[in-house]
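Student: Need coordinates for the following:
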Amino acid sequence: MSIESQQDPAARSVAETARARLRMRHGSSKMLESYLGDIEYLVRERLWGEAAPLALALPHICAALAHRDMQSSREQFLNWCESWVRPPQSDTSLSVPTPEQIYALAKERGIAHEIGSRPGVPVRPLRQLRLRRLARAAPMRRQVCAADVVDWDDEPAREACIALLEAVRRWYSECAARDPTVQTNLARLAVLR
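Tutor: The predicted structure is shown next:
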């Protein structure tokens, strides 16, 4: 009888989760992990005014990283969301916004206005991604000011943030970690001054 079969189900579940995370981390991007970590931190701290724009820029960032010229467009944004944004397998009861709803939220918050229907480089989101590489590993806890307090009754935006974080992690582990175009573009961003 194996040791795992003698453990209680909760301990087995924790062990399985740890093994799954190790498998998912096939290659990683410190820059992307820092960006996602900052969004997760802002969500935990309920700093929605800062978390939403960063999260809603993720489809443009991922679409640009997958393109050889680092370009994104409305169609690429929507296609990326269609391919990767879905409820987590562990909880299919969560409501996930549609790609059109995510794009509308991004447009409403000024993320999507710089990229219209024509392909172009999403300069501001890529710059934010690149700058995360230079930031501290752990954000410092700070006082919340009135500008950070946003009425978070906007359930679709909150759900979009959570869904996009999970989608990017899934995209990177299942596809981008082994995609030479994505890896080349991440390296190009890392050396830009």
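
Student: ok, residues contacting whichever strand or helix holds residue 129?
Tutor: Using DSSP states H and E, residue 129 sits in helix 123-134. By C-beta atoms under 8 Å, 6 or more residues apart in numbering, the surrounding residues in contact with helix 123-134 are 30-32, 34-35, 38, 54, 57, 60-61, 64, 70, 111, 114, 189-190, 192. (C-beta placed from N, C-alpha, C; glycine too.)

Student: Residues in contact with the top helix by length along the chain: which ones?
Tutor: For the chain, the helix with the greatest residue count under DSSP state H is helix 155-174. Applying C-beta under 8 Å, 6+ apart, the set of residues contacting helix 155-174 from outside is 23-26, 28-29, 32, 36, 39-40, 43, 48, 51-52, 55-56, 58-59, 62, 80-81, 83-88, 94-97, 101-102, 105, 152.

Student: how close does residue 160 sit to residue 98?
Tutor: Residue 160 sits 10 Å away from residue 98, going by C-beta to C-beta, to the nearest Å.

Student: Looking at these two now, which is surrounded by more residues?
Tutor: More crowded of residue 160 and residue 98, by other C-beta atoms under 10 Å: residue 160, with 28 against 14.

Student: okay, the more buried one: pLDDT?
Tutor: If you check residue 160, the pLDDT there is 88.

Student: returning to what we had before: so for the helix holding residue 129, what's the average pLDDT?
Tutor: Here the average pLDDT along helix 123-134 is 77.

Student: could I get stretch 38-49 in PDB with only the CA atoms?
Tutor: Output in PDB follows, covering the C-alpha atoms of stretch 38-49 (Å, rounded to 0.1, in the frame of the first residue of the first chain):
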ATOM      1  CA  ASP A  38       0.800  42.700  -8.700                       C
ATOM      2  CA  ILE A  39      -2.800  42.300 -10.000                       C
ATOM      3  CA  GLU A  40      -3.500  39.600  -7.500                       C
ATOM      4  CA  TYR A  41      -2.100  41.700  -4.700                       C
ATOM      5  CA  LEU A  42      -4.300  44.700  -5.700                       C
ATOM      6  CA  VAL A  43      -7.400  42.400  -5.900                       C
ATOM      7  CA  ARG A  44      -6.600  41.000  -2.400                       C
ATOM      8  CA  GLU A  45      -6.200  44.500  -1.000                       C
ATOM      9  CA  ARG A  46      -9.400  45.500  -2.800                       C
ATOM     10  CA  LEU A  47      -7.700  48.300  -4.800                       C
ATOM     11  CA  TRP A  48     -10.100  47.900  -7.700                       C
ATOM     12  CA  GLY A  49      -9.200  51.200  -9.300                       C
END
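
Student: Since that was my last question, I'll sign off now.
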